[in-house]
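Asker: pasting the sequence and the predicted coordinates here, then a few questions.
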Amino acid sequence: MKFKLNGGLNSSSLHGSIRVPGDKSISHRSIMLASLAEGTSHVSGFLEGEDSLNTVRAFRAMGVNIDGPADGKVTIQGVGMAGLNAPAQSLDLGNSGTSMRLLAGLLAGQKFDVELRGDASLSGRPMKRVTDPLSAMGARIETAEGGTPPLKIAGNQTLKAISYQMPVASAQVKSCCLLAGLYARGKTCVTEPAVTRDHTERMLKAFGCDVEVSGATACVTGPAKLVATDIDVPADISSAAFFMVGASIAEKADVELLHVGINPTRTGVIEILKLMGADIALTNQREVGGEPVADIRVKNTRLKGIHVPEDLVPLAIDEFPILFIAAACAEGQTVVTGAEELRVKESDRIQVMADGLQALGVDARATDDGMVIQGGEIGEGTVSSHGDHRIAMSFAMAALRASGDIHIEDCKNVNTSFPGFAELAASCGLPIQIIDY
Ligand code: S3P
């Protein structure tokens, strides 16, 4: 699947009041915790994207009765902490790093052997960051050479509680350790080097599990028990970010994004855009099932280049592809540092974005841990998303300021996090066409 964007119209803008699909991180966790809980949980606003559907398929393969998703609604009959069954085959998690890293923790304490695998992109991503702490807990996990998937997890291991100082700021590693900790006897603690998303801690509490959080450390005490609850998944701020930047850069644009999750561990994109001068207003702030949400209105404005504060990097880690587009449209230079984690996402997001921006005539220089971008004109051309959903959607929004057409190759994986992106964006005025091949 390709996207073709008509640039050079000068008239293209973005308008509308929309709700983007459900939060990917929260959707994954809702299936995992509800499956292990005692009783029936109902989830609404669930992301019906390939990544979270892979989590649903994995738990079905382990014997959990899951109804839906239909219209964002899912009903999960929890089997209890010890109720999962050995799957008949290895679990294919597709493109989803979150599924693999969180499941590694959760499955390390089961009675059965299981193998986790993924697509070509996931098969190249680092897993030692989860197998190291899990081995320290007593888990037995084999990886491919180089510490990549598949993961072969041996069952019937007794896990012991540990205190783990994480070397990288990663919510997936933190969550993996906490989920394994539910099965270990005693108190498992994880300390992070910088603040990362805390959906696991919040949702564990919603399922009745006592999570102690103190500063940068989160602890759970095992063996734990979870009790079914209902979860309302807010719209994903990472998906809303494409429209925040689109509305900021498109002449006369004015977009309202409804029911967006604004968990403070996720709002780096709003803070960075505000530092660049964006016109963003949050209204109707409320709390839904332990997660703060708001409606977000964004209007076109002139952005200026900044040096992005490094402490905001983990709070906007998935939003850098679209922030690089904002930087390309800003006045002056934008510098991103301390973002080397971008090199091990669904693609090497530093290299792939720099290559794509250069193909469109933008002065962008990749560095080891970020990028230096000189704002100016965006030209026309062809870019490859390298199968990375967020790269594809970012370059699509760039068309709002491009002098000619933009062709984006390898866009199928947009469905991992944002099914219906092209249709929704087109309904707001983005001149996008899907080309199937
Ligand atoms: C996620 C954590 C982040 C993020 C990913 C989702 C999660 O990954 O990039 O899209 O749901 O915990 P890292 O933990 O590798 O930073």
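Answerer: Cool, got the structure.
Asker: what about the helices in the stretch 201-350 of the chain?
Answerer: Taking DSSP state H, counting those that start in this stretch, the helices of the stretch 201-350 of the chain run over residues 237-249, 268-275, 320-329, 349-359.
Asker: dump the last one to CSV, restricted to CA.
Answerer: Spelled out, it's helix 349-359. Presented in CSV, the C-alpha positions along helix 349-359 are these (Å, rounded to 0.1, in the frame of the first residue of the first chain):
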residue,chain,number,x,y,z
ARG,A,349,13.6,6.6,13.0
ILE,A,350,16.5,9.0,12.9
GLN,A,351,18.0,7.6,9.7
VAL,A,352,14.7,7.0,7.9
MET,A,353,13.3,10.4,8.8
ALA,A,354,16.5,12.2,7.8
ASP,A,355,16.6,10.3,4.5
GLY,A,356,13.0,11.1,3.7
LEU,A,357,13.3,14.8,4.7
GLN,A,358,16.4,15.1,2.4
ALA,A,359,14.5,13.4,-0.4
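Asker: other SSEs contacting that helix?
Answerer: Counting contacts by 3 or more CB pairs under 8 Å, 6 or more residues apart in numbering; DSSP states H and E, the secondary-structure elements packed against helix 349-359 are helix 320-329, strand 363-367, strand 370-374, strand 381-384, helix 389-398. From N, CA and C alone the C-beta is placed, and that goes for glycine too.
Asker: between these, which one is nearest to the ligand?
Answerer: Taking CB to the nearest ligand atom as the criterion, the ligand comes closest to helix 389-398 out of the helices and strands packed on helix 349-359, the separation being 8.7 Å.
Asker: hmm, the closest one in reach of the ligand?
Answerer: No - using CB under 6 Å from any ligand atom, helix 389-398 never reaches the ligand; the gap is at least 8.7 Å.
Asker: circling back to that earlier point, now mean neighbour count, mean pLDDT and distance to residue 219 too, for the helices of the stretch 201-350 of the chain, in CSV please.
Answerer: Converted to CSV, the helices of the stretch 201-350 of the chain look like this (neighbours: other CB atoms under 10 Å; pLDDT from 0 to 100; distance: least, CB to CB, whole Å):
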stretch, mean neighbour count, mean pLDDT, distance to residue 219
helix 237-249, 28, 98, 27
helix 268-275, 21, 98, 25
helix 320-329, 28, 98, 31
helix 349-359, 22, 98, 32
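Asker: separation between the closest residue to residue 292 other than its chain neighbours and the ligand?
Answerer: Taking CB to CB, 6 or more residues apart in numbering as the measure, residue 292 lies nearest to residue 262, with 5.1 Å between them; neighbours along the chain are not counted. For residue 262, the distance to the ligand (CB to the nearest ligand atom, to the nearest Å) stands at 16 Å.
Asker: try residue 227
Answerer: Here the criterion is CB to the nearest ligand atom. By it, residue 227 lies 23 Å from the ligand.
Asker: relative to residue 125, how far out is that residue?
Answerer: Taking CB to CB, to the nearest Å as the criterion, residue 227 is separated from residue 125 by 33 Å.
Asker: higher neighbour count, those two?
Answerer: residue 125 (18 against 13; other CB atoms under 10 Å).
Asker: quick one: closest of the helices of the stretch 201-350 of the chain to the ligand.
Answerer: Counting by CB to the nearest ligand atom, and looking across all of those, nearest comes helix 237-249 at 7.2 Å.
Asker: pretty sure residue 354 is touching residue 365, no?
Answerer: Yes - checked against CB atoms under 8 Å, the pair residue 354 and residue 365 is within contact range at 6.8 Å.
Asker: so which bits of stretch 71-89 are buried?
Answerer: For stretch 71-89, the buried set under the neighbour-count rule, 16 or more other CB atoms under 10 Å, comprises 72, 74-79, 81, 84, 87.
Asker: how close does the closest residue in space to residue 335 that isn't next to it in sequence sit to residue 333?
Answerer: If the residues on either side of it in the chain are set aside, residue 335 comes closest to residue 307, at 4.5 Å by CB to CB, 6+ apart. When distance is defined by CB to CB, residue 307 is 8 Å away from residue 333.
Asker: which non-adjacent residue is nearest residue 60?
Answerer: Here the residue nearest residue 60, using CB to CB, 6+ apart, is residue 66, at 5.6 Å.
Asker: report the set of residues contacting both of residue 354 and residue 365.
Answerer: Overlap of the contact sets of residue 354 and residue 365 (by CB atoms under 8 Å, 6 or more residues apart in numbering) consists of residue 371.
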